[in-house]
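1. how does the following fold in three dimensions:
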Amino acid sequence: MKTQTENYPIKYQHAVIAYLLAVTSATFTFILPRTLFDIFDIFSGTGFESATTLTSLTKLQHLFSMTSTLFVIGWIFAFFAASIPFTVGIALARQFKIFNWLYFLVGGVLTAIALEPLFISIPNLGINVQPPEPSFWQKYLTAFPNFLASGIVAGVVCRLYFCRAA
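-> Have a look, this model is predicted:
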């Protein structure tokens, strides 16, 4: 005899893969805009390492290594920080048989917005901040569009994976 949850499209092994895909896509979405601006700055001669006499290729290599490091650190942060909200969201979806795309989209956005204060509270994020340091709300509002986009992408990627896996 099959239980009701066996007929439901969200299986736990699919949820693990969906979580890894969602974390990866959210981290990539969070880092991509800043990286693109830095690439533009390299070729325009402003911004990233503009005071150096290094070639554009060397500057791109530095940017790649910095971006890769930031991606790994961001991925680890997102992996651990979003695990509880994701687990609760999947448990609710399985319990109440929710498979609506809007549920996953809103879940991704709410998770990202809920985790933003945790990210913002990290001191200076390794960035040289000139005095006076921005207030919590200035940091929050500055980072909000990236977190919003990351949450949207994570929710959509998660839902798309579940559609393919079902």
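2. nearest the middle, which residue of this structure would you pick?
-> By C-alpha atoms, centre = their mean, the chain has its centre lying nearest to residue 26, at 2.8 Å.
3. any idea which helix or strand carries it?
-> helix 12-44 (DSSP states H and E).
4. same question, residue 95
-> helix 83-96.
5. residues in contact with that helix?
-> Contact with helix 83-96 is made by 5, 8, 10, 15, 19, 22, 98-99, 103-104, 107, 110-111, 114-115, as judged by C-beta atoms under 8 Å, 6 or more residues apart in numbering. Using the backbone N, CA and C atoms, a C-beta is placed for each residue, glycine as well.
6. find the residue closest to residue 98 in space, skipping its chain neighbours.
-> Closest residue to residue 98 apart from its sequence neighbours, by C-beta to C-beta, 6 or more residues apart in numbering: residue 92 at 6.8 Å.
7. can you report how many residues neighbour residue 141?
-> 12 (other C-beta atoms under 10 Å).
8. what about it, is that helix, strand or coil?
-> Three-state call for residue 141 (DSSP: H, G, I helix; E, B strand; the rest coil): helix.
9. again, but for the one 3 residues further on
-> Judged by three-state DSSP, the three-state class of residue 144 is helix.
10. any idea of the angle the next helix or strand after the helix holding residue 26 forms with helix 12-44?
-> The C-terminal neighbour of helix 12-44 among helices and strands, as given by DSSP H and E, is helix 56-81. If you take axes from the mean of the first three to the mean of the last three C-alpha atoms, to 10 degrees, helix 56-81 sits at 150 degrees to helix 12-44.
11. run the chain-centre distance for helix 56-81.
-> 13 Å (C-alpha atoms, centre = their mean, to the nearest Å).
12. hmm, back to that, next one: the residue nearest to residue 98 from residue 67, what distance?
-> 35 Å (C-beta to C-beta, to the nearest Å).
13. of these two, which one has the most company?
-> residue 67 (16 against 12).
14. now do the more buried one against residue 54, distance only.
-> Counting by C-beta to C-beta, the gap from residue 67 to residue 54 is 17 Å.
15. can you check residue 160 too?
-> 41 Å.
16. which one's more surrounded, the two?
-> residue 160 (16 against 13).
17. buried set for the helix or strand where the more buried one lies?
-> Per DSSP H and E: residue 160 is located in helix 136-165. Residues 139-140, 143, 146-162 are the ones in helix 136-165 that count as buried (16 or more other C-beta atoms under 10 Å).
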